[in-house]
Each structure stands twice: as structure tokens, then as C-alpha cells.
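Participant: output the structure for:
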Amino acid sequence: MTSLSFIRSRSKFYHSEKDNFSLVFGAPIPCYLKTISAIISNTIVRYSKIQFDMELLLQQLNEYKNNIYSLANHYHLHIGYHSNLPLLVLNYHVVASPKDHPVVNICRGLVLEYKKIDETDLQFISIVAKGFNRFFYYSEHTQIINSTVETIQAYDKVDGTYMLLFYFNGQWIMCTRHNFSEDYVVPNEVTYEQLFVKTSGFSNMDDFQKFCNAYCDIHTTYLFELCSMLNRIITPYETPKLYLLGFIKYENNEWKENYKNVDEVMSMVNKLQCNGLKISSVPHRLFDNWKSLNIEMNHLTINDPLFEGFVCYTNNIERFKFKNPIYQLFHRLKYRGWHTANAAILLPWLTHLDTFLPLIPVPQYELEYISQIIQDLKSNLEIGYNSLANTWSKYEESNDSHSLFHDHPLKALLYTKLKFPELELKDIWNNPKFDKLKLNYITGLQSSSKDYCKLNLLDFKQPHNNDTNGLAEIHPIIDEKSNKFIVHCYCSHKMNYIRLKRNRTIPKACFCGHLTGLTKTYFIGTKLWVCENEKYCPGTMESRPDGSPLGIPASPFCKQLRLMSHELINRLINQNLWSYNKINLELGSLLKLSPQNMHMAQLGISECLRCIQHLQSKIIVAYLTDGSIHIYAFNKNVLLRDWGHVSVDKDLDLLSLMPLCLVCTFHCKPNTSEQPCLMLIELTKILLLTAEFEEGSLNDKTELEPPVRFDDQEWL
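Facilitator: Model prediction:
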């Protein structure tokens, strides 16, 4: 058996997530076979890491009978298809994929040729092109931090769209990690392919193809970063630029990467530049040690907060990322949503945020949300410092530290001042070592999210009527010539049908205007109708699979009422075990709409308000405390005294208790279907009592006779 065959025959063991060992090239590979690690290591030195990973991929495909669907499902890989060629591109999922696995790491823009057998079988034919493997953060590798190096080669991490250029069946093709560049950068105007060609200096695709045929190697995958204001991530590029990051060549049945050798990459850049391609090399610099690299990053963090970071190499460590923490904060707020701005991530940069905030490339209304979160954080910190200062003033008057400091949530700061009286209290407060204590204190100040108010239409005073009932004046229509939908936002601008490149989050508010702390998020990759004036207007409309709008775009207030209605529907489904069909029939009957036409996305303000009032009347929740059960149905409470045998103290919904025996101390047998708990039978009776709420026959607080009490051993 050859050495390579030996590795492939054993590669099925690389699924283990329990044991890890690092091969000579530094990447951790799950494996049970520690006893043969020396044999594998001796074999791998004959092959590059990339070739070894490709062998593992081929082995995995072989185990799945070359079915790409099976491979993608197992490792949670995204598949992007070419529109008219038998090509697909694989990319790992940021959260779901096991990112320490070599097969996952190699699927970072991996292009495969395939043959579709049926809806469940996508047969692998060949590997057509390959991008960089996934690489890791500086902080993820302790061997990096603890190692001694002579030189660190650091490339600027240019901030744009990562793109591959490769040859297939007589033509040069571009792709990103997700698709084949047919996605729009500017909705309905410019695709990534068109932007790439224009930035490279050509006016059309035909001329670009001629250039590539003349000067590019058909066995090489060229790796670029496309940077411009049109496809801006965080770093702004006023002048569009195309950077050559490196290239990967396939020859003699082996894939050979070339990105570490500065001279070879520069030579390729010069060759392509001299023949007419407008590309640039990535700026790079050398550092003597980790300390000098950290000093430079600390300087850039404050003086160039939009700089992404470095991609670094050393002689003995695989490629790794060293990112600017402010850039990471901005990236999180833009792509994961403004609602992820919490005290923990904002506090370290609080003194700089007023300056940095306008730099974040998000719509104005999202900046306002973030600004409000920052102001709330500052207010809570001011409360904390004032509490600290007042307590210290009392100590100076009484000289009684124990009684004043002992129960104070910030007592560590007070005792520090006591131990070092020469320090100013403000300096102690500003010391980052106490940030965790301050965060705990702030968390205690933050009140729990406020629930929705009870709606009574007779008492509803907020002006909400308008000529269009909160709906867009121009309803969606189909253009007869193009056979495409034309959708207008409530603000009168047209809406574009796009695939989201970042999460879009909407705060959920009550009809009275207060925020509930709940949010609605449309995730990256969702296809959505979005207002073309999205810098200032948050208007969106969901779509069906065929791209048709789900309903009529609405005003912000009407949108909030729709979201509130959906939240109440979810509560009825999850807490009271209603089916969606039952709710749909109820609301359709209320509004005199057929089930087919009953959809929240079609409703205006007046219809939404009627639905909210009706849904609230149907919700029943129970909670148990101190031996009593309380029934809650939007401001109606029933206290059932002397419940007995209750052993929980938290909110519980009523009907979820029915199939389980978790809330009492009866000695129930496991099979409750044969010997049901008597306490749960009483809960059923209580449910029937609460039906009277709808008729308003009970006062706001009514005491009923307690349920029957049972001996621990009594059964039906």
C-alpha cells in the first residue's frame, strides 16, 4: 500500500471531534489515530497541506458515493449554482459548519463540476477551481502567541469582495464564495462580474476574455479582492481597485498555492499590469516580533479605525488574521445588526464612539438606534459613578467602611480607594480592570423588557388614520412588458428585489410607541423587497419563492402593528396550542376575509388594530408562586389560593403543563398517560373557567374557590 493510499484508507477516522492533534503544517485535524500520527506526519511532509486536504475531500466524496448533496448536508455547506453551466461553488457556514475540519476549511470558494441525477443526487465530476483555505485569527492559536519568530510578514487585509478567476470549457469565469458573480452590487444595474471587468480596465466582457486567453494560464486560479464604494464593506475605497491576492496552480495532478512568496506574486502583478490589466499588489510590511505588530495595530486602531487588519505569515506557522478591534465592532454592527450593540462590546471604546459612530456605513436610522444605545450606556455609567461618589462621601463623614461598602455592588472600587487614598476616585472608575464589575452593575439597572399593552379600541387615542390606512399609495403590479413586479414603498420610492448581504433588524414596538426589546431580523441571504432610498427609509416587504411581494408595503406604524399581531399569533400557537389554521379562520371571520386572502402583510392600520384586540382576548397564561396559581389574560388576574404541592417559582404557560408532570410534588409514575396527575386535571378545569374572560364577567381580580386538594398517593 502506498503512503498516500494509506492516508486515504484511514481518513474516515478524521470525523472525531473528541481528539485533536496538530500535523506538521499547524492545522488541527480531528483524529482517533494518535498512535499512527508519526506515520501520517512522515507521509505528509512529501505533500503540501493543500494536496493533503484535497485528498481528504476526495475520500469524503467517495464515502458519500460522490453525491455532493450528502457532503454539503453533513458539513452544512452552502451551494451556489452557475446559471447555465454544470458548475457549483461550495462555501462553509459561519456558525453551523465544523470549522476545525479540513474538508470544511477547503470549502471557501471551491468550484466543482457536477452532473445532476435527480433532486437528491448531485454527482461530483471534478474540481475546477480552488480558493484560499479558511484561515484563523491570531487569538485562536496559542502556539502563535507563545512562539518566537524572527520575522512576521504582514499584508494589509484589503476590505472588499473576494473573487476567483478561472478557466472552464473555453471561457474565463468569475465567482465569489457564494455565487458566480451574477448577483447585483447595485440593484438591477451592476453585477459583480460587470464591476470586476470595469475595474480591471475593460469596457466589455469580450475584450476581457481576449486578454485572459492571451495572458492568463488556463491551469491557474487567480484570487482577487474587488474594492470600491459600490461594494463597500467597512473600509472606503474612493477609487475602485482590484488586488491580486495570490494564485493557485494545478499541475502534475497537484494543487500548488502561491501567496507567501512576495516576489512571485509581484512578478505576476507586473506581468498582468504590463499587458493592460488594471490591478494592484497588496501593501505589505515586515515586523521583527509580536510586540512590534501589536504596537502598530494599537496605533492604527485609534488613527485609522476603518483599517481592517493584517494577514500574517511566519516561517513555521500557517496564515492567520490579525484584525483591528474597532473594525470588528463596526462589522458586527453592520452585518449582524445594530441590536447587537451591547454594553460589553461598547464599553472599551466608549470615549471614542462619538467620533467613530458617523463612520459606520449603515443607514441613518440604524445610526440613531446605535446612538440611543450608547446614550443609555453613558447614563447608566453616570448613575453608577454617582452612587460610588455618594457612598465615598458618606464614608468620609462617618468613617464606617464596613456598613457602607459591604453590600455595595461596586465595593471593589471603594476598597481600592480605601487602600490607595492617593488615587482619584474618577481614575479608579475609569480603570479597565473594573469593566466587568461596571457591566454587572449596569445589567442590574436595566429593567426587563416591557410587554405589549392591552388594546381597547374605544380608548385608543393615538392619531393613526390617514388617506391610505397606512398602506403604500401605489399597490404592487406586474409590468406587462417585462412580466416583472413593480413595487413601491410607503414613502413613494420604488423597491428593489435583492438578496440581503447583511442582517436587517427591525425593533418591535407596542401600538403605544414603547419598544418591547423584541426584534424582527431578516438574515443574510434572504430575498427581500427593499426601498431604494434605504439610507433613510427602513421600508421592506417579504416575498414568495417566485419573487412576488407577500403583501402591500406599509407605513412604519402599520409595520409595527403587523409585527405585534404576528407576535401575538406566535404566543397563541406556543402558549395556548392553537393551530395556525384556527387563528387564520378566526381573524378571517373577524375581518370578513377568506382564508386565502387573510394575511397580515395585506392589512392596513384599522384591520391590524382589530386583530390585535381580538388576539389579546384569546391569550391565557398561567404562573405559579408560593403555592398559588395565577391566571393572566391581559390585565385580568385570578388568584387560586391554597394550591398545594407546588414546587416551582417561575412563569409557565398553562397548556404546556398538560402533557408533563413537572410542577408538583406528587409521586407520579413516569407513564403519566396511564396514571395522569390529578393536579393537571385541575388545570384543565381552570382553563375552562378562564373562558369567561372573553365576556368580561370577571373583575380585574377575582378570587375563586381553591381546587380540590389531593393526598400524595391518590390516583384516578
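
Participant: could you check how far Leu286 is from Asn213?
Facilitator: Distance, Leu286 to Asn213, by CB to CB, to the nearest Å: 37 Å. C-beta: built from backbone N, CA, C; applies to glycine.

Participant: can you give me the neighbour number for Lys484?
Facilitator: Residues lying near Lys484 (other CB atoms under 10 Å) number 13.

Participant: same check on Tyr222?
Facilitator: A count of nearby residues for Tyr222, using other CB under 10 Å, gives 23.

Participant: what strand or helix carries it?
Facilitator: Assigned by DSSP states H and E, Tyr222 belongs to strand 220-227.

Participant: I'd like to know the average pLDDT value across that strand.
Facilitator: For strand 220-227, mean pLDDT is 97.

Participant: got the CA coordinates for it in PDB?
Facilitator: This file holds the C-alpha atoms of strand 220-227, laid out as PDB (Å, rounded to 0.1, in the frame of the first residue of the first chain):
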ATOM      1  CA  THR A 220      -4.300  28.600 -12.700                       C
ATOM      2  CA  THR A 221      -7.000  30.000 -10.400                       C
ATOM      3  CA  TYR A 222      -6.400  33.700  -9.800                       C
ATOM      4  CA  LEU A 223      -7.500  35.200  -6.500                       C
ATOM      5  CA  PHE A 224      -8.600  38.800  -6.300                       C
ATOM      6  CA  GLU A 225     -10.100  41.300  -3.900                       C
ATOM      7  CA  LEU A 226     -12.500  43.700  -5.600                       C
ATOM      8  CA  CYS A 227     -12.700  47.000  -3.600                       C
END
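
Participant: residue nearest the middle of the protein, spatially speaking?
Facilitator: Centroid check for the chain by CA atoms, centre = their mean gives Arg336 as the closest residue, at 4.7 Å.

Participant: can you give the distance of the strand holding Tyr222 from its chain's centre?
Facilitator: 26 Å (CA atoms, centre = their mean, to the nearest Å).

Participant: could you point out which element follows it?
Facilitator: With DSSP H and E, the next secondary element past strand 220-227 is strand 241-251.

Participant: what packs against that following strand?
Facilitator: If you count contacts as 3 or more CB pairs under 8 Å, 6 or more residues apart in numbering; DSSP states H and E, strand 241-251 packs onto helix 192-199, strand 220-227, strand 254-258, helix 262-274, strand 280-281.

Participant: so for it, what gets flagged as buried?
Facilitator: Neighbour counts over strand 241-251 (16 or more other CB atoms under 10 Å) mark 241-248, 250 as buried.

Participant: can you check stretch 423-432 too?
Facilitator: So stretch 423-432, judged by 16+ other CB under 10 Å, has buried residues 425, 428-429.

Participant: so which of these belong to helices?
Facilitator: Cross-referencing the buried residues of stretch 423-432 against helices under DSSP state H gives 425, 428-429.

Participant: rewinding a little: and of the buried residues of stretch 423-432, the nearest to Lys535?
Facilitator: The nearest member of the buried residues of stretch 423-432 to Lys535, counting by CB to CB, is Trp429 at 38.3 Å.

Participant: which helix runs longest in this structure?
Facilitator: Longest helix in the chain, counting by DSSP H: helix 364-398.

Participant: model confidence over it, on average?
Facilitator: What helix 364-398 shows for mean pLDDT is 93.

Participant: then the helix or strand following it to PDB, C-alphas only?
Facilitator: Per DSSP H and E, helix 364-398 leads on to helix 401-405 as the next helix or strand towards the C-terminus. Taking Å, rounded to 0.1, in the frame of the first residue of the first chain, the C-alpha atoms of helix 401-405 are listed here in PDB:
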ATOM      1  CA  SER A 401     -16.400  51.400  55.700                       C
ATOM      2  CA  HIS A 402     -17.900  48.000  56.600                       C
ATOM      3  CA  SER A 403     -21.500  49.000  56.800                       C
ATOM      4  CA  LEU A 404     -21.300  51.300  53.700                       C
ATOM      5  CA  PHE A 405     -19.100  49.100  51.500                       C
END
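
Participant: kind regards, and thank you for your time.
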